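# Predicted model and sequence follow; I will ask about them next.
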Amino acid sequence: GIQVEQSPPDLILQEGANSTLRCNFSDSVNNLQWFHQNPWGQLINLFYIPSGTKQNGRLSATTVATERYSLLYISSSQTTDSGVYFCAVDGAGGTSYGKLTFGQGTILTVHP
Amino acid sequence: NAGVTQTPKFRILKIGQSMTLQCAQDMNHNYMYWYRQDPGMGLKLIYYSVGAGITDKGEVPNGYNVSRSTTEDFPLRLELAAPSQTSVYFCASSPTGLLNTIYFGEGSWLTVV
């Protein structure tokens, strides 16, 4: 099956710093999603971005489907950004019914 | 509109016991999913359903069973619990199977001792 690799595995920032998280995937995908898992375990949809660039406030994401990677940018980080960031893909090749393959996540810690 | 509701939130099981994790959604979604998340890992798909009466295996189905008798409910059954099933379980639903319309429950923490 499709492989999803995220980097870096851990990231520690001071409040106000910027960061870039990367997601590589091994095969063509129908869809790609970025999630934030907060310290209470809740999964929050950030971006649905199978290709192109999107922005939402301090967060933005870019997916280059032809090169099989996606980037999540966090600017002016805040302590509330702490948690785990997951990239998840829905593999191409027929109907996949929205079945997700997740990367292992990037653990982000933002210190005040 | 409660979204996706999972019960129980926390449970401790002894090895060999059985239990059912309940999942209900009130959004009339056709697609429902069960994932498990082991410590320090991403989620892995256990089972999914594309509509009432239709279920199929995901990546890690062994040791689990599901049923989908109604659109609203998608229970996950653990038979003969094993320590390897200690995990956090997430139920999700979607009206269309597209990632931008997927909704996750808050998770059920299960420990098998």
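Okay, I see it.
# Any regions of chain B where pLDDT drops low?
The model of chain B has pLDDT under 70 over residues B:1, B:99.
# Would you mind measuring from the residue positioned nearest the centre of it to B:P95?
Centroid-nearest residue in chain B: B:W34, 3.1 Å away (criterion: C-alpha atoms, centre = their mean). Plainly put, B:W34 is 18 Å away from B:P95 if you go by C-beta to C-beta, to the nearest Å. Where C-beta positions appear, they are placed from N, C-alpha and C, glycine not excepted.
# again with A:S26
Relative to B:P95, and taking C-beta to C-beta, A:S26 is found at 29 Å.
# same question, A:R22
According to C-beta to C-beta, A:R22 and B:P95 sit 31 Å apart.
# do B:G16 as well
38 Å.
# next one: A:F102
From A:F102 to B:P95 the distance is 21 Å (C-beta to C-beta).
# what about these two, which has more around it?
Between A:F102 and B:P95, counting by other C-beta atoms under 10 Å in any protein chain shown, A:F102 is the more crowded of the two (20 against 15).
# What residues does the nearest residue to the more buried one once chain neighbours are set aside make contact with?
Closest residue in space to A:F102, ignoring its immediate chain neighbours: B:G42 at 3.1 Å, by C-beta to C-beta, 6 or more residues apart in numbering or on different chains. For B:G42, the contact set (C-beta atoms under 8 Å, 6 or more residues apart in numbering or on different chains) comprises A:4, A:86, A:88, A:102-105.
# and if we set it to 7 Å?
A:86, A:102-105 (C-beta atoms under 7 Å, 6 or more residues apart in numbering or on different chains).
# What is the neighbour count of B:M27?
B:M27, neighbours per other C-beta under 10 Å, totals 15.
# Can you tell me the SS state at it?
With DSSP: H, G, I helix; E, B strand; the rest coil as the basis, the three-state label of B:M27 is coil.
# is the residue nearest to it when sequence neighbours are not counted in a bridge, and if so with what?
Distances taken as C-beta to C-beta, 6+ apart place B:S93 nearest to B:M27, at 6.5 Å, with adjacent residues excluded. With DSSP bridges applied, B:S93 shows beta-bridge pairing to B:M32, B:Y103.
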